[in-house]
Each structure stands twice: as C-alpha cells, then as structure tokens.
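[1] need a structure here:
(chains A and B)
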Amino acid sequence: MDTRSLGMGTATMPAENKQGPLTETAYYVLLALHTPLHGYGVMQLVDEMSSGRVNLGAGTLYGSLTTLAERGWITPVAGVAGDRKKEYVITDAGRRVVAVELERLEELRRNGHRITKGEPR
Amino acid sequence: MKVKVVRRLYWDFEKEELWLNAMAAKGQALLHYSWGTYRFEQSRPGEWTYRIELLPELASKPASQEYLAFMADTGAQTVATYLGWVYFRKLTADGSFEVFSDLESRITHYKRVLALFVSACAGIIPASVVSIINVTRGELTLGFVLPLLLAILLSIAALLAAQAVRLARKVRVLEAQKQLFE
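    The predicted model follows:
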C-alpha cells in the first residue's frame, strides 16, 4: 500500500485542477468556438474580442485547431454540402477545460490585485 | 501586362521575404517563382504583403494542400510553391499578415528550416569527403572537373552551415524569451 497517499488528505486536488495553463491562442480559440465558426471567423472574432490586441496568425491558428480537435476539445461541424470551409465548435470536454482555466485566471487576477494594492497576505 | 523577371538566389528566407515586400511596396508584386527565377507583375504600390513558409511536407502532399486551402479561406493566396516552400500574399488592406503569432509556432518553423539546412549539409559533406579520399588515392581521376565540383559543393555546404548556425541562434533567443512570454 502506498502510505504517502494517506497523509495527503485535503491536499489532494481533483485531477481537473492540475490542468496546466492554456496558451492565449488555445484559450481564445475555445472561447470563439462557443458558436460554430470556420478559421477566418475565429481570427475575426478573437481580433474583435481583444480589441485588436490578438491577431492570430493563420499558421498558428491552423496548428491550434488541429491540436484542439485531436484532444476532442473542439469538433468539426457537419458542413453544408459543397462548402469546403470547415467549421468547428467546442465540445463538452472543451467547455470543462475552459471552466478550469477561468478559475485559474480568476485566482491570478485576485492575487494580482490584492498584492499590488499592498494588502496583507 | 508588363512582367518583370529577376534571377536571384537567397539562402535566408527572411531576407527574401523582406526583398519581396520591398518590391511589392514599389508596385512589383510577385506572381511566380521557380528555381531562382522571380516573375513580377505591376500592381498598386503596397497592395500586397508577402510571407514565406516552409511546410512540414512537400507542398504537393494532401496535408499541405489542405493547409493551403485553409490559408486561402483566410485571404492568403498561394503565389508559388517550391518543394516544401510556399510564397503567400494577402491584400495589405485586409490587415496585418503574419503566418505565426506566438513564440511556440515561430520556434517550430525556425527549427523546421534549421533541420532542412542540417540535412542538406549532412548530405553534401560525406559525399565530398569520400570523393576527396578516392581522388587522393588515385582511384578517381577526372582532371580538374572533380576538384572544381568539390569546391562548389563544399562552398554550398559552408553556406548552409552558416545559415544553420544563424537559425540555431534565433531559436535560442526565442526559447529564452519563452521562459517569460508566449
């Protein structure tokens, strides 16, 4: 029996909280795909959401879409016949990843505000 | 339409890209590239922005074609392909045109170009060394032709090696930056 696991008790976190930070690209692509979009639509929406700060490169976006689809966090939408532009949409697994990331971002923001405003620990 | 033909050889794809964009700024838009031959058509100055990318596979492969179709959907036209290299252009009026927008994908691309130069070098050097040994042993005599050919091959290998060193340095700088930023 592994005795180390006994002492951990409350320190053991649910597996989901151990999810590493998402890249800005992955996070924004997952947000954008809460409605089905094709690649160019994602680029435009992310540009708009970030007030022009995040200009996704098409090559970077392509890699991100491919990896997110492989992970099952987004999925291609069955398109209209004859339309070769592939649309993607976020999956339930993708939504869970975003929820965990949002919590992490909230923590960063909270701590950032608290400490830079000179409040005690 | 007036077509301008320029013959040039670039070892550095980023310098080549700068040159193509300088030409485009002057109203000479690249229309076709093949074996060091660039064909330009006249356009409005600065109408197009050019970008060069090395794909993981030959441009003719299905995976590459799928990628080029995706790029086309985002407004990036494929002007020319050359082995794994692609020349893209996008209307400058459609906004800034960068193929890569984060450090990770830029590093991956530089590493791909680096690997190409290293493997080209690795192909040339052993072949040259074997030939030199054979010549010095007197097993292979082709008068002055072979030494000349060898000199050319080794110069190319040296140029490729210099490029590889330059790219490796770029990768190192970006990886250090990645310790802090995306």
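[2] so how far is B:L83 from the most centrally placed residue in chain A?
    Centroid-nearest residue in chain A, with C-alpha atoms, centre = their mean: A:Y27, separated by 3.1 Å. Shown here: A:Y27 relative to B:L83, a distance of 35 Å by C-beta to C-beta, to the nearest Å. (Each C-beta comes from the backbone N, C-alpha and C, glycine too.)
[3] got any ranges where chain B has weak pLDDT?
    Low-confidence segments of chain B, defined by pLDDT under 70, are located at B:1, B:138-144.
[4] how about the helices in it?
    Here chain B has its helices, by DSSP state H, at B:13-25, B:62-73, B:103-136, B:145-178.
[5] Tabulate these in JSON lines, adding columns for mean neighbour count and distance to chain A.
    Listed next are the helices of chain B as JSON lines, based on neighbours: other C-beta atoms under 10 Å in any protein chain shown; distance: least, C-beta to the nearest C-beta, whole Å:
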{"stretch": "helix B:13-25", "mean neighbour count": "17", "distance to chain A": "14"}
{"stretch": "helix B:62-73", "mean neighbour count": "16", "distance to chain A": "5"}
{"stretch": "helix B:103-136", "mean neighbour count": "16", "distance to chain A": "4"}
{"stretch": "helix B:145-178", "mean neighbour count": "14", "distance to chain A": "11"}
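[6] would you list the ones you listed in a markdown table and tack on distance to A:A32?
    What follows is those, written out as a markdown table (distance: least, C-beta to C-beta, whole Å):
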| stretch | distance to A:A32 |
| --- | --- |
| helix B:13-25 | 29 |
| helix B:62-73 | 15 |
| helix B:103-136 | 18 |
| helix B:145-178 | 24 |
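[7] can you tell which of those helices is closest to B:V79?
    helix B:13-25 (9.2 Å; C-beta to C-beta).
[8] which residues touch residue 68?
    I'll assume chain A. A:A26, A:V29, A:L30, A:I74, A:Y88, A:G94 (C-beta atoms under 8 Å, 6 or more residues apart in numbering or on different chains).
[9] nope, chain B
    Under the criterion of C-beta under 8 Å, 6+ apart, the contact partners of B:L68 comprise B:A59, B:T78, B:T81, B:V86.
[10] repeat that with 7 Å
    Contact partners of B:L68, counting by C-beta atoms under 7 Å, 6 or more residues apart in numbering or on different chains, are B:T78, B:V86.
[11] same deal with A:D47?
    Taking C-beta under 7 Å, 6+ apart as the definition, contacts of A:D47 comprise A:V54, A:N55.
[12] tell me which element it is part of?
    Under the assignment given by DSSP states H and E, the secondary-structure element containing A:D47 is helix A:39-49.
[13] How far off centre is that helix?
    Offset of helix A:39-49 from its chain centre (C-alpha atoms, centre = their mean, to the nearest Å): 15 Å.
[14] C-terminal to that helix, which secondary structure element comes first?
    Scanning onward from helix A:39-49 (DSSP H and E), the first element met is helix A:58-71.
[15] Next secondary structure after that next one?
    With secondary structure assigned by DSSP H and E, helix A:58-71 is succeeded by strand A:74-77.
[16] quick one: the next helix or strand after that next one near chain B?
    Once the chain leaves strand A:74-77, the next helix or strand it forms, by DSSP H and E, is strand A:87-90. No: in terms of C-beta under 7 Å from any C-beta of the partner chain, no part of strand A:87-90 sits within range of chain B; the closest distance is 10.8 Å.
[17] List, one by one, the residues from chain A near chain B.
    Proximity of chain A to chain B, by C-beta under 7 Å from any C-beta, involves residues A:23-25, A:38-40, A:43, A:55-60, A:62-63, A:84-85.
[18] Could you pick out the buried ones from these?
    Buried by 16 or more other C-beta atoms under 10 Å in any protein chain shown: A:23-25, A:38-40, A:43, A:56-60, A:62-63, out of those.
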